[in-house]
Structure formats: structure tokens, C-alpha cells
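Chemist: prediction below, plus the sequence it came from.
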Protein chains: 2
Amino acid sequence: MRVAFISIGDELLIGQTINTNVTWLGKEFSERGFSIQKIHTIKDDKKEIVNTLDLLLKDADVVLITGGLGPTKDDITKKVLTEYFQTHLEMHEETLERIENYFRSVGRPMLQSNIDQALLPVDAINVPNEVGTASGMIFERDGKFVISLPGVPYEMKHLMTEKVFPFLEDRFEVVSSYYQTLLTQGIGESFLADRISDLEDQLRGEGLALAYLPSPGYVRLRVTGEPSEEGKARVNYFIDQISQRIPVYAFGRNNDELSSVVGELLVEEKATVATVESCTGGKIASEISKVPGASRYFQGAFVTYSNDLKMMLAGVREETLIEHGAVSQETVTEMALGGRKVLGVDYSIAVSGIAGPEGGSEEKPVGTVWIAVAGPEGVTSKKFQFGTDRNRTIEKTVGTALNMLRCVISKINFEKSS
Amino acid sequence: MRVAFISIGDELLIGQTINTNVTWLGKEFSERGFSIQKIHTIKDDKKEIVNTLDLLLKDADVVLITGGLGPTKDDITKKVLTEYFQTHLEMHEETLERIENYFRSVGRPMLQSNIDQALLPVDAINVPNEVGTASGMIFERDGKFVISLPGVPYEMKHLMTEKVFPFLEDRFEVVSSYYQTLLTQGIGESFLADRISDLEDQLRGEGLALAYLPSPGYVRLRVTGEPSEEGKARVNYFIDQISQRIPVYAFGRNNDELSSVVGELLVEEKATVATVESCTGGKIASEISKVPGASRYFQGAFVTYSNDLKMMLAGVREETLIEHGAVSQETVTEMALGGRKVLGVDYSIAVSGIAGPEGGSEEKPVGTVWIAVAGPEGVTSKKFQFGTDRNRTIEKTVGTALNMLRCVISKINFEKSS
């Protein structure tokens, strides 16, 4: 089944917005066995939209349009599509009610432009939007579908997942492959490839495929095979083998998030956690707490950006700071132990590092980070070099700290890993 | 002058790579006054490339192609363009020498496929690539240009900046437009449109353009006009007018970030800040601290997820929690005042809310958030309804809390805003 995307919006053409929508859509569609033919990015312009539709409908079974559905004057997609499919707009009472409820729930008055968002083309399938005010629309012609969705990524993804993919999967028989993704943290792509090169040769020999999908601090490993029972079993066999080879790095599968994996371990153990953070400024705590239900194990955190607060809140000794500095094994150990005691938790994560761009030295260059986890069985700590980019260092520290906690709870020897 | 981009590569279609090349190109071309007509992302496929060129050359003066110039078999752009422009390949000695030098410098052996990269079309202008092995090419036909560059972002940007833009600027007299972007937080697109509808009519009447670019919690407003002195003055006039109309929401321009704007205000005031966070779990602190140099004003934070910690750390009274609950004006006020005192700062931000999905009630539904800022002149506090999505509520709380602090420091009445 062939799919084409149209992204509408000047902001995409002049480089003011990165088009992450098509990246997400490309991934989701291809994982479901659809073949993506092309992507056209065009202006909010009637003639452009019409010409592009004419062109893409020649080759594609599904044309998906994102953008141009907002309440303001420069959003023309709904009007153009209504004309293109020779239908007309009518007030959709259910949608109007939903928009009214939405505005009531956020306690704001409703404007004419919001009411107008409930005007929908009568010959299109309505895709109700529970997370925003612009409805999606599905038009059909000669067995082909034109789908129009809002460009706001959050709304688009929600409508795709909840409504549009189920709709398309009902109507198209796609031959998909079977794949599983192993998630790793803290090991680079080439090191990973080196560690598993024999397994990679073996799986390729069996006709399976392996892809490395890196992002800062993380590498996802995707193994793909046939959708038969035998094919599935081989994919899972290799995922297990790779996972067992690298227990320190492999933290989950498919859509797992490291913070949720850690959360589940804490729930199982009936244990609580807190953080004492310097260079990450509270980001580890916010990662832990963004998981629904985190209040079962997450107690709180100290962000001790200044040395005064390291002493006052976490009980780091002044001598330790003077002798070893804030970024040292001694300080981060005292932070972790102090946090564990004062905040009254089972596990305490502490980090102290130099995110940069200022503050580096010969001995401790920018990117030096110490991480410690204090638990019922003592303190685990390790030093890292995360490079010169401030945000990357913060990101990598957050991921590594969570992964260290995972290893400590699971009794995987983290300190000895290389 | 009209430009169109062609991005070649399956990895872009299946969502394995985000197409940041076109974002960079869009920005650079539009800043130089070129008008970007459309962007086509297509497969490494001869027929696709030929058809797309035929189509785009009808409307565009310049077609820029990125990708498909690598040494592997699936890279066919050079071959297809050579045929399309009815020319042939010849060994380019200078380029061969450059590639040989390159391989010597990285200490790697040279393969036949690398030698073949020095085969260049005789009727194209060669764009030597000093930072990689794939040369760029410029073809001309009937006064129009087709430019082919490697897809590696670093090489593409280098060739554009050093070679292609100078080449194009020599040949085209471009009339650029001038634009400025006003950044707002905390007001929806339609409310914003309603508040400034007279200004919008007025600027459109003068031939200027206005675009709304929304993202969760934020709307960017772009005003575009002529690049003349008069045009620039009109654009800036309307940006100022809009900004003055909505002082509570308008926090900056162009590439400003709210956390940096707040940071600059704190530096100017020589003031310090800390946070006491419940539902945001440390995310406000991490936003403040991600700005380079934040240690000049950021002291630290309490994440008081549990009620015990709200009392123990921030000194919230037990009676307050019992009488009014954790999500109340009284509690958040005590959190802000307690944080300001204990952490010894000039400004303290406190938030308490129900991010969900659990924990809501009739009286305080999921999405209810109280935010307070304690400063030298007292406490400002306000209640918000951010809807039912946990992550959106956290995001909006972070943005709104930072914006509230901005208003408090700038003596803008935040509580009275609607």
C-alpha cells in the first residue's frame, strides 16, 4: 500500500520549524508495512494544495496531509479540500459540543473562529480530536483516501494512533515484517557493533536484518525477520542473545522508557527514590516523576547547584569540598548518602559535573561528571567524560544516572563495566 | 528568485533520519531573499528523480538536490543527472588527487568506489568538496540551475556557504523579504488572534503578512514585509504594537528562549532564584539551569513530591495541607515563601498541581495547577487548568511558571491577566 505525505506551512519552507511530523509518520507507516512514496512540503496556498493532490493521487493509495487546520485566517486546508471533493461545510453538533466542553474545561471563552472549527465537510469521515479543537477528516475517492490532520505534533500523533491507523488497518491488507527493538543506554554504536559482531553475522546469515538507531546516549537495535511463527522466534532469540551479552546497557524493548523501567523495578521492590543533583539541575527528578504513578516511589529531590546548598541540604562536609572539589567521587558519595538519609529513601542518585561551557580545568575538563547511587547495600559511583556540549552532557548524565540505578537495583555490576 | 529542494534518500521517507538539511537550507535561502517554493523528498530512484526535476524546473529558477552522491550502489544521483543533462562522465584529475589526499590523511585504504567519485560530468560546473569525497555539481539549462550536493549535513553546509551561495548571489538579483518573530507564552492561537485582530487587519491592509506558529504553551507570531528601510520599520512597528498589547504573554523575539530571557532579567537585577516543585518534579529548575552561566543566579531547588517533604523542607504547615490540600493557593504560597527563606534567594517559584492521570476530584480535576512566585515585594499566585494530558500539563506549568517570574521581575501584573 502506497502512501504519500503533504506537509503544509510556510514555516517548514523557510526553515523556522523542523518537520518532525513526517519523520514520525514515516516510521509509523513503514513499521505497519506501508510503503512511503514521497513527501511534498508546500505553502498554505489553494493552487498548490490542489495541484499536489492531483499529482500524488496518481500513484498513492493514501495521501496524508498535515497542517493548515488551525482557527486563524492563514489556515485554508479545510476549505480547499471541501471544494476539491465537491462537498460543503455544515455545523457538526457533536464536534461543537466537544469544542465547547474543551473550552469549559480550560475555563476560557469561545470565539467565533473556534465555533467555525466545528464546521465540517458533510462527505468526509470526521476524526474527532479529543486533545485539541481541529478535527481530522478522511475523504474517499475511487478507493483512495485523503486524510487531513492538524499539524500540531501532539494532536496529529494522537489522532493517527487512536483513529487513523486502526481505520487504515481495517481497509488495507499490508504484508508487514516482524521486528523487535532492543534499547540500550551508555554504549556507542561502534562499540556495540564490536561487542555483538558474531551475533550480527549469525543473524544476517539467517536472512534477518539488524539496524542501529542512535540518539544521544542511546542506541536502539532493531532486528527484523519474517512474520511467521518461526521468524518471530528467531527475532526474539537474537534479541535475547544480544541483551544477555550487554546487561549493563540493555534496559528494555520496543517502546519502553528507561524512567518507566526503573519505576517498575522500584514498585516491585517496594522501594523509594530521591535525587541530589548539581549539573543536571533537577532533570533526573523530572524524568523519574514524569511517569504516571511515580508518587508511589518518588519522594523528591534536592537541586544543590551551589556549594552552600550541597553542605546545607545534603550534608556534604566543607573539608570534602575544599580537599576534593565539588566534582569528585568523595563529594558525590556524600551527596548520595546525605540525600538518602535526609530525604528518607531507599535509593538516592547524586550527580556532580561540569556541563560547561565554563568551569573546566586541565584535571577536570568540561564534560567530567561523577555519578553515585546510594542504596541499602552501599554506594556505587563512577566517573564519566561526556564531551563539550552542555545539553548533551546533561542528557547523557540523566540517562546514565537512571541506568546506574537500574543496575544497582537489579544487582548488575555497573562499576566494572567498560 | 524561486528555489525548490529535492531531498533524496529512503532513510528520510521511513523516518529514520530527520530532514534537518531542508530546515537549514530554508532558513539560509530565505534570509538571502530567495523564495522557497516547495520541498520534495523522494527515493533513490531514476524515474523519481527525472520526474521530479521535470516538474520542479517548470516553476523554480534553482533546484537544489541533496543526497545520493555517496560511494555505495544505492547512490545514483550523479549518474541520473549526467543522463538528464545529456553529458558524460570523465575522470577529474584534480578531484582524484583531492580524494587520494583525503584517504591518506585519515589513514584508510582507497576503494574503487572512492576512485569513481572523481568521475564528474563534463558539462557541469564542479564544486570541489574539501571536507569529504563527493563533489558538488552545478548544471545550467535555459538560465536555470540544478545543483547537486552531498546529503551529509556538514559537507552540504560547507559547500553551500563557501561555494554555492556566492555563485548564486553573483547570478541572481534577489529581493528578500524582512521578517521578525514575536514569541508568546500562555495564550492560545485564537485568543491571540482575537486580541490583535485590529492590528492584523491593519498590517494586512499595508501588504504585510502575519503567521501564527503554535507549539504546546507557546505561539510564535511572524510578521513579514519588504526589505526596504520603510518595510523594516513597518514590520518592527507592528511587532512593537502587538508586544505592547499583550505584555503578560510576549516574552521575546526571534530565537530568544524564555529561560534565557528570565536569566538575563535576573542578571540585570543581580537577583537569585530557586524553585519548590511538586507536579513538575524538578523540570522548572532544569529549564532554568540549562542556560549557560545559570550558576550566576540559580541556587537550587526542592522537589517536594510528598507532603512530608513539603512540610520538612519548605516549612508548609500541616494545618494548611489538611485544611486546603496540597493543590491550593495556601499551600503553594507557603511553599514559595518557605523556599525563598530556606534557600536564601530573592525569587522563589513554587508549583503544586494534579498532572494526572490519577488524583483528580470534582473540585480539583486533573490538570489543576497552582503557581506562585515569592519575591521581595510579596507573593503572586494564580490557578490554572491545563487539561488531562500529564506531559502537556507539566510542559505548560514549566512555561507558565517561568513567564510568571518574568512578569513579577518586570512588574507586569500577571494575576490580573485573563
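Modeler: Good, I have the coordinates.
Chemist: check the stretch 51-200 of chain A for the residue nearest chain B and tell me.
Modeler: residue A:71 (4.3 Å; Cβ to the nearest Cβ). For the C-beta atoms, the positions are set from N, CA and C on the backbone; glycine is no exception.
Chemist: if I read this right, that residue contacts residue A:114, doesn't it?
Modeler: Yes - the pair residue A:71 / residue A:114 is scored as a contact, 5.8 Å apart, by Cβ atoms under 8 Å.
Chemist: now do the shared contacts for the two.
Modeler: Shared contacts of residue A:71 and residue A:114, defined by Cβ atoms under 8 Å, 6 or more residues apart in numbering or on different chains, are found at A:133, B:190.
Chemist: return the residues in contact with residue A:54.
Modeler: The contact partners of residue A:54, by Cβ under 8 Å, 6+ apart, come to none.
Chemist: quick one, grab the pLDDT at it.
Modeler: On pLDDT, residue A:54 comes in at 96.
Chemist: which helix or strand contains it?
Modeler: helix A:46-59 (DSSP states H and E).
Chemist: same question for the following helix or strand past that helix, mean pLDDT?
Modeler: Using DSSP H and E, the helix or strand that follows helix A:46-59 in sequence is strand A:62-66. In this model, strand A:62-66 carries a mean pLDDT of 97.
Chemist: within its sheet, name the partner strands of strand A:62-66 and how each one runs.
Modeler: strand A:2-8 (parallel), strand A:144-149 (parallel) (DSSP bridges).
Chemist: that strand vs helix A:46-59, what angle?
Modeler: Using axes from the mean of the first three to the mean of the last three Cα atoms, to 10 degrees, the inter-axis angle of strand A:62-66 relative to helix A:46-59 is 150 degrees.
Chemist: contacting residues around strand A:62-66?
Modeler: In contact with strand A:62-66 (Cβ under 8 Å, 6+ apart) are residues A:1-8, A:21-22, A:25, A:34, A:49, A:53, A:56-57, A:77, A:81, A:144-151, A:156, A:164, A:168, A:172.
Chemist: try 6 Å
Modeler: A:3-7, A:21, A:56, A:145-149, A:151, A:156 (Cβ atoms under 6 Å, 6 or more residues apart in numbering or on different chains).
Chemist: buried only: go through those for me.
Modeler: A:3-7, A:21, A:56, A:145-149, A:151, A:156 (16 or more other Cβ atoms under 10 Å in any protein chain shown).
Chemist: closest one to residue A:385 out of those residues, please.
Modeler: residue A:21 (35.6 Å; Cβ to Cβ).
Chemist: may I ask which helix or strand encompasses that closest one?
Modeler: Residue A:21 belongs to helix A:20-31, assigned by DSSP H and E.
Chemist: give the buried residues for that helix.
Modeler: For helix A:20-31, by 16+ other Cβ under 10 Å, it's A:21, A:22, A:23, A:24, A:25, A:26, A:28, A:29, A:30, A:31.
Chemist: give me the subset of those touching chain B.
Modeler: Residues of the buried residues of helix A:20-31 in contact with chain B (Cβ under 6 Å from any Cβ of the partner chain): A:23, A:26, A:30.
Chemist: just give the nearest non-adjacent residue to the second one, would you?
Modeler: Yep, that's residue A:26 we're talking about. residue B:15 (3.0 Å; Cβ to Cβ, 6 or more residues apart in numbering or on different chains).
Chemist: for burial, what's the neighbour tally of residue A:230?
Modeler: 9 (other Cβ atoms under 10 Å in any protein chain shown).
Chemist: outside of the helix or strand harbouring it itself, list whatever touches it.
Modeler: Using DSSP H and E, residue A:230 sits within helix A:229-245. Residues external to helix A:229-245 that are found in contact with it (Cβ under 6 Å, 6+ apart): A:178, A:180, A:182, A:196, A:199, A:203, A:223, A:225, A:250.
Chemist: stretch A:331-343 now?
Modeler: Stretch A:331-343 has contacts (Cβ under 6 Å, 6+ apart) with A:274, A:276, A:299, A:314-316, A:320, A:324, A:348, A:350, A:352, A:370, A:372, A:374, A:379, A:381.
Chemist: please pick the buried ones from those.
Modeler: For the contacts of stretch A:331-343, buried by 16+ other Cβ under 10 Å: A:274, A:276, A:299, A:314, A:316, A:320, A:324, A:348, A:350, A:352, A:370, A:372, A:374, A:379, A:381.
Chemist: kindly reformat the ones next to chain B among the buried residues of helix A:20-31 as CSV containing pLDDT.
Modeler: Formatted as CSV, these follow (pLDDT from 0 to 100):
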residue, pLDDT
A:23, 94
A:26, 94
A:30, 86
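Chemist: circling back: tell me which other helices or strands the following helix or strand past the helix holding residue A:21 touches.
Modeler: Per DSSP H and E, the first helix or strand lying C-terminal to helix A:20-31 is strand A:35-42. Under the contact definition 3 or more Cβ pairs under 6 Å, 6 or more residues apart in numbering or on different chains; DSSP states H and E, strand A:35-42 sits against strand A:2-8, helix A:20-31, helix A:46-59, strand B:35-42.
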